[in-house]
Structures are given as C-alpha cells and as structure tokens.
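In: Sequence and predicted model, in that order:
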Amino acid sequence: MPATDELSLVFGALADPTRRDILSRLRTGPITVGELAANYSMSRPAISQHLAVLEGAGLIVRTVNAQWRECRIREAGLDDAQAWVERHRAEWNERLDFLGEHLMKHQPRREGTR
C-alpha cells in the first residue's frame with residue numbers, strides 16, 4: 001500500500017475522538033476489550049469496530065490471551081504520521097519566517113521613527 005494511503009488510514013483513525021481516547025488509555029499498557037468497553041456508553045460491537053479501525057491503521061495490535069482479547073499500542077504506528085507532520089511543520093515554519101522577514105523589510109515607516 002502506498003505511504004499516503006497508510007497515512008490516510010492513520011489520520012482517519014485519529015479523526016474520531018473515541019479512538020483517540022482509546023489510544024490514550026492504551027498508553028499505560030495492554031487492556032482487554034471488556035475493560036475498554038466498560039469506559040464507554042456504547043456496545044462491545046461498537047468498541048470492536050473502533051478497535052478494527054485502529055488495528056487496520058497499524059496503531060494497535062489485538063491478541064488473544066487464553067480467554068481474553070487484549071489490545072496494545074503498536075509503538076511504530078505513528079512514526080510515518082509523525083514524520084509527515086514534522087516535514088510539513090518545517091516547511092510552514094520556513095515559509096512563515098520568510099513572510100515575517102518580508103513584512104519587516106517592507107513595513108511602512110511611521111512619523112517620528114527612524
């Protein structure tokens with residue numbers, strides 16, 4: 001899959017506040033689907049759909065441990081998205097710096113100033 005499609009999956013997954021909250025909860029370590037579902041006023045199938053989106057985007061890994069289904073963050077899941085954001089942040093910072101310099105050079109002088 002092209003990198004941009006993978007990025008679309010990641011950003012699409014992150015667009016939902018419930019999925020962002022699930023990722024925040026998983027930062028502390030693996031959690032079972034039941035434990036996750038207990039935190040939300042939605043059905044387990046709805047939580048499972050959110051988890052499927054996160055897993056499809058490569059942000060989490062789901063495993064079966066005996067009778068429990070656990071979820072954990074996939075550490076490298078955000079690497080490509082972070083690199084994309086950083087690359088574009090650097091470009092925009094450079095453009096804004098250039099704009100600031102341009103405006104300072106072409107700012108009209110006020111009376112009483114040098």
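Out: That came in fine, so what should we check first? Nothing here was measured: the structure is a model prediction, and the numbers come from that model.
In: C-alpha only now, for contacts and for neighbours.
Out: OK.
In: can you give me the strands for the protein?
Out: With DSSP state E as the criterion, the chain has strands at 31-32, 60-65, 68-73.
In: okay if I get the ones you listed as CSV plus mean neighbour count and distance to Arg25?
Out: Putting the strands of the chain into CSV (neighbours: other C-alpha atoms under 10 Å; distance: least, C-alpha to C-alpha, whole Å) gives the following:
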stretch, mean neighbour count, distance to Arg25
strand 31-32, 18, 8
strand 60-65, 15, 12
strand 68-73, 19, 10
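In: Just send the ones you listed back as JSON lines, with distance to Ser48 too.
Out: Output for those, formatted as JSON lines (distance: least, C-alpha to C-alpha, whole Å):
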{"stretch": "strand 31-32", "distance to Ser48": "11"}
{"stretch": "strand 60-65", "distance to Ser48": "10"}
{"stretch": "strand 68-73", "distance to Ser48": "11"}
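In: Tabulate those strands (a markdown table), appending mean pLDDT and distance to Asp79.
Out: Formatted as a markdown table, the strands of the chain follow (pLDDT from 0 to 100; distance: least, C-alpha to C-alpha, whole Å):
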| stretch | mean pLDDT | distance to Asp79 |
| --- | --- | --- |
| strand 31-32 | 94 | 22 |
| strand 60-65 | 91 | 13 |
| strand 68-73 | 92 | 12 |
